[in-house]
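Visitor: my questions are about this predicted structure, shown below with the sequence.
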Amino acid sequence: MAPFLFILHLEEQMEAEKNEDKSFLGYFKSMKETWEVLKWSHREFVNEIAVGYIKRMYFWSFLSRIVSLTNPWLVGLGMTGLFAHDEQIAWFAVVSLFLTYVVGTVFEWRTGHFIELTLGENIRTIEHKINKIFFSKNLGLHMREGGKLTQENMEKGWNRLDMVQKSILFGGVDSGVSLFLSLSMLFVLSPISGTIIFVSLILNFLFSIYLNQFISSRMEPVEKRFRRIFRKRGERWQGVERVITSGRHEEEVEEMDKEFSDALNEDRKIWLRYILGTMPRGILAGVSVSLVGLYAGWRVWNGQMAIADIVPILTWSGMATQQMRFLARMEREVSWCTPSLKSLREALNLECDVKEKPDAIELEQGPVSIEFKNVSHSYEHARKDSSKGPVHILSDLSFEVKPGEMVAIIGPSGAGKSTITRFLQRYTDPDQGSIFVNGYDLKDIALHSWRNLIGYISQQPRVFDGTLRENLIYGLPFCERQSITDEEIWKIMKLLRIDFGNRLTDGLNTRVGRNGMKLSGGEAQRVMIGAAALKRPRFMIIDEATSSLDAENQSAVQEGIDLLLQERSASAIIIAHRLSTVMRCDKFVVLKPVESLAPGESQIECIAHSTEELFKNSPTFRKLAELEGVRMAA
């Protein structure tokens, strides 16, 4: 009764879900999406070399399955020889059976050989293409699409691609070839038996669709719960210091254990129901093979078939039904991976909004001048309610940085200071106005030639896991990384106070740890300042590079930066978050927040060439100076 009760349950379940998005129609739609994602994956990540390997893999797999499927026939032939006491037939069957195992083993080895070559080539291509496309996106796109162009999204997509190709190569290919050959040979030997198994496979396929649709619809919320749990766990692991110092470690363990157990119980209920649902499929396979056995036995009983033919008929029938189950399992695995692949495809297909012209101008080494001319910009994405319109960040901004000039950009939070640094590095382009470098519009310049002239020091040091030396010379071209001497590096290090004394246990080969965890915040900042200085840039963008330094080290590092800029006659823009960091600049540009401007009012409150002039003419500067306790004569 169990199969019939289960079928009744299926009918009730289908009726309850017929008006839901998670219906069979929706599932077939998702299967179409899965097919589109697989075609995209093949197009993007399977190159001509891999295609050649795949063809040869199919060839050897086909031969291997043909050889293995002849074994049941040879066994039947041997039985005929034994029953007929025909020594010649019996020996022929035994020797042939041995040879098929030897030859089949060789063919399987060749199949496995090309599977491994295909797998390796595809993994290399996936790694290369994802890296290439990810790093080709402009930084503004990375900032705007932070939920898509993320490390987690790329890694999950990479892992799911690898899982899909392994599922197909190690299971799908062999199962597909075995199913096709066993069913074909069954039809040749006994058309009626082949028809019975074929009908069974159709019904099996329908059961598999329901079961996979059941898993797909029920597992989505459970997987979301697991993702939340894993995100929380990862966050707590990374923030272990806060967890322990807050005295929350035992509470966190209990909370995470309860959340995981609850999600696991839901997961277990779904899979136990899935396992129960496989019973009718197994019974159906048993019924179909039994019917084939009864039919073949009836023909033998009536002298219409040799008894030896029963062995291959029953073997091929069982093999066909078994391979159908394997393929259904593979389809479920691929469907499970599809959401991550769709997310990867969406992220990698994001269109860059910063494009380099084919005839872009190559800048030469030399002094650099910068001019902002009527630059305005708004962020559409900054508001959740788009009906309120864009958020204006910069408005009609015009100023100049001459060769060898250090210009400070001063203003309160929200005045657009960081946006200026992003425009200079072409994270994105302004909505209105232009930025000129040595008289050329930045949009017309080859980005690599411009970035070769820039040294950028951000507020947050981006220290990579590796040695101190590797981090310091990271921004140099390959040839310079190979040729630079330790003496040159040490000279810059001493100038910028990067010699950390006893902490450099292995000199320049001292490992700094992931994210520079073995360094203090000030040490990490100095490493990044040194890395920018070693590029010997002609233009520097300094975004509060010394925020983590004490007053003594800040003064020494600033003197070192000034000296390096003077040696190269380099110009610079320095973003001021603390006024003490910009007091030695040649020019000061004070910005007001755009929302505070009256109609027609300039965002630039004041441009001054001395702190005295600045204090006299800029209310914003005077207010900031008062807040920081900087005293100056009016």
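Guide: Ah, there it is.
Visitor: residues contacting the residue lying farthest from the centre of the chain?
Guide: When distances to the mean C-alpha position of the chain are computed (C-alpha atoms, centre = their mean), the maximum falls on His85, with 66.5 Å. Applying C-beta atoms under 8 Å, 6 or more residues apart in numbering to His85 gives no contacts. C-beta: built from backbone N, CA, C; applies to glycine.
Visitor: show the average pLDDT along stretch 585-597.
Guide: Stretch 585-597 carries an average pLDDT of 86.
Visitor: again, but for stretch 468-486
Guide: 89.
Visitor: how about it: buried residues?
Guide: Under the neighbour-count criterion of 16 or more other C-beta atoms under 10 Å, stretch 468-486 has Leu468, Arg469, Glu470, Asn471, Leu472, Ile473, Tyr474, Gly475, Leu476 buried.
Visitor: could you export those as TSV, including secondary structure and distance to Ser458?
Guide: Output for those, formatted as TSV (DSSP: H, G, I helix; E, B strand; the rest coil; distance: C-beta to C-beta, whole Å):
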residue	secondary structure	distance to Ser458
Leu468	helix	19
Arg469	helix	21
Glu470	helix	19
Asn471	helix	14
Leu472	helix	16
Ile473	coil	18
Tyr474	coil	14
Gly475	coil	13
Leu476	coil	18
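Visitor: right, and out of those residues, which lies closest to Arg242?
Guide: Arg242 lies nearest to Asn471 out of those, by C-beta to C-beta, at 26.4 Å.
Visitor: SS state for the residue farthest from the centre of the chain?
Guide: The three-state label given to His85 by DSSP: H, G, I helix; E, B strand; the rest coil is coil.
Visitor: just the buried residues of stretch 573-588, please?
Guide: Buried, per 16+ other C-beta under 10 Å, within stretch 573-588: Ile573, Ile574, Ile575, Ala576, His577, Leu579, Thr581, Val582, Cys585, Lys587, Phe588.
Visitor: what's the lowest-pLDDT member of those residues?
Guide: Among those, His577 has the weakest pLDDT, 69.
Visitor: need the contact list for the residue lying closest to Ile489 once chain neighbours are set aside.
Guide: Nearest residue to Ile489, sequence neighbours excluded (C-beta to C-beta, 6 or more residues apart in numbering): Leu472, at 5.8 Å. Neighbouring residues of Leu472 by C-beta under 8 Å, 6+ apart: Ile489, Ile492, Met493, Ile498, Leu508, Val527, Gly530, Ala531, Leu534.
Visitor: closest to Arg481 among these?
Guide: For the contacts of Leu472, the nearest to Arg481 is Leu534 (9.9 Å; C-beta to C-beta).
Visitor: what about Gly466, neighbour count?
Guide: 15 (other C-beta atoms under 10 Å).
Visitor: was I right to think Asp86 contacts Thr80?
Guide: Yes: assessed by C-beta atoms under 8 Å, Asp86 is found in contact with Thr80 at 7.5 Å.
Visitor: of those two, which one has the most company?
Guide: The neighbour comparison of Asp86 against Thr80 (other C-beta under 10 Å) goes to Thr80, with 18 against 13.
Visitor: for the strand or helix carrying the more buried one, buried residues please.
Guide: Here Thr80, judged by DSSP states H and E, is contained in helix 48-83. Under the neighbour-count criterion of 16+ other C-beta under 10 Å, helix 48-83 has 50, 53-54, 56-57, 60-65, 67-81 buried.
Visitor: over to stretch 160-172?
Guide: Arg160, Leu161, Asp162, Met163, Val164, Gln165, Lys166, Ser167, Ile168, Leu169, Gly171, Gly172.
Visitor: for stretch 131-149, same thing?
Guide: Using 16+ other C-beta under 10 Å as the test for burial, stretch 131-149 gives Ile133, Phe134, Lys137, Asn138, Gly140, Leu141, His142, Arg144, Glu145, Lys148, Leu149.
Visitor: likewise stretch 347-360?
Guide: Buried residues in stretch 347-360, counted by 16+ other C-beta under 10 Å: Ala347, Leu348, Ala360.
Visitor: any idea how far apart the tips of it sit?
Guide: Start-to-end span of stretch 347-360 (C-alpha to C-alpha, to the nearest Å) is 27 Å.
Visitor: same question for stretch 603-616.
Guide: Counting by C-alpha to C-alpha, the terminal residues of stretch 603-616 are separated by 18 Å.
Visitor: nearest to Ala415, of the buried residues of stretch 468-486?
Guide: Once C-beta to C-beta is applied, the member of the buried residues of stretch 468-486 that ends up nearest Ala415 is Gly475, at 28.7 Å.
Visitor: how close does that closest one get to Trp316?
Guide: Here the criterion is C-beta to C-beta, to the nearest Å. By it, Gly475 lies 64 Å from Trp316.
Visitor: likewise for Ile283?
Guide: 20 Å.
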